[in-house]
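# coordinates only, no sequence provided:
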């Protein structure tokens, strides 16, 4: 997978050198390129923003640098992947559709994604119109009902969620099947050794006996029941009618 990130703060993406994502890059499973949007400015102040037309607080990102940036990054990507290759262009945006595990699963099969990190009050709306008219596939993705200072944090989160689903990135692929949201449920409670633990306050806490039974069928049923119960308690919105009884 090729990933391109256009941002005003390239150093913000440094964590993508770490952990499983960094390992995936070193092993050639992910080809990541980070670009500074200011490379496509032409004044001595490297200006990327201006006051909003019609008045209002804050600043709006200008369309010219973005248009040039997309053209250059698209050209670079097609030089590598072939002239027929086209990216999915993702704008982290609180006005976008909620990014979910199903989205991560879908995007993990993509050949090429470009992330565009907005700042200030946002990006001139004509940038989206320009890309749509050019036939580009554009997605606005929101992490939740809150606002961040820019798109970089969201790109870090989305990239990790997507890349870890690429075959070969996570060593034990079975672990991806049972984790939270993989089946629309939160993950069941997890325990490890020792089975009997005395906490710092002197309280003895024991893991559920069923996990020590060796009966994998009963353990699987217990975990399913716990996942449904936890989802009902913490995220009832995830449970469709009749799901808990299925």
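Nice, thanks for sending it over. Because the structure is a prediction, the values reported are computed rather than measured.

# the residue sitting furthest away from the middle of the chain and residue 211, how far apart?
Here the chain reaches farthest from its C-alpha mean at residue 202, the gap being 40.7 Å by C-alpha atoms, centre = their mean. Residue 202 sits 23 Å away from residue 211, going by C-beta to C-beta, to the nearest Å. Every C-beta, even on glycine, is put in place using the N, C-alpha and C of the backbone.

# same deal with residue 130?
From residue 130 across to residue 211, the span is 56 Å (C-beta to C-beta).

# pretty sure residue 81 is touching residue 110, no?
No. Using C-beta atoms under 8 Å, residue 81 makes no contact with residue 110, being 11.3 Å away.

# show me how far the lengthiest strand in the chain is from its chain's centre.
Using DSSP state E, we find that the single longest strand of the chain is strand 88-98. Centroid separation between strand 88-98 and its chain, computed with C-alpha atoms, centre = their mean, to the nearest Å, is 10 Å.

# likewise stretch 69-77?
When distances are taken as C-alpha atoms, centre = their mean, stretch 69-77 is centred 22 Å away from the chain's centroid.

# all the strands of this protein, in order from the start?
Going by DSSP E, the chain shows strands at 2-7, 31-36, 49-50, 60-61, 88-98, 112-116, 137-142, 196-198, 204-206.

# and the third one, what does it pack onto?
This means strand 49-50. When contacts are defined as 3 or more C-beta pairs under 8 Å, 6 or more residues apart in numbering; DSSP states H and E, strand 49-50 sits against strand 60-61.

# circling back to that earlier point, quick one: closest of the strands of the chain to residue 18.
strand 31-36 (12.4 Å; C-beta to C-beta).

# could you spell out the sheet neighbours of that closest one, each with its direction?
Under the criterion DSSP bridges, strand 31-36 sits next to strand 2-7 (parallel) in its sheet.

# centre of the chain versus stretch 1-21, how much separation?
Distance, centroid of stretch 1-21 to centroid of chain: 12 Å (C-alpha atoms, centre = their mean).

# quick one: work out the angle between the lowest-mean-pLDDT helix or strand in the chain and strand 2-7.
Lowest by mean pLDDT, DSSP states H and E among the helices and strands of the chain is helix 19-26, with a mean of 92. On the basis of axes from the mean of the first three to the mean of the last three C-alpha atoms, to 10 degrees, helix 19-26 is oriented at 120 degrees to strand 2-7.

# could you list the low-pLDDT ranges of the protein?
Scanning the chain for pLDDT under 70 picks out 172-182, 240-246.

# need the helices for the chain, in chain order.
Remark: helices assigned in the chain by DSSP state H are 19-26, 63-81, 101-107, 125-133, 152-163, 216-234.

# pick the most buried one from these.
A comparison of these by mean neighbour count, using mean count of other C-beta atoms under 10 Å, puts helix 152-163 on top with a mean of 21.

# let me know the angle separating it from strand 88-98.
Using the same axes, to 10 degrees, the inter-axis angle of helix 152-163 relative to strand 88-98 is 100 degrees.

# tell me which strands and helices helix 152-163 is in contact with?
For helix 152-163, the elements it packs on are strand 2-7, helix 19-26, strand 88-98, helix 101-107, strand 112-116, judged by 3+ C-beta pairs under 8 Å, 6+ apart.
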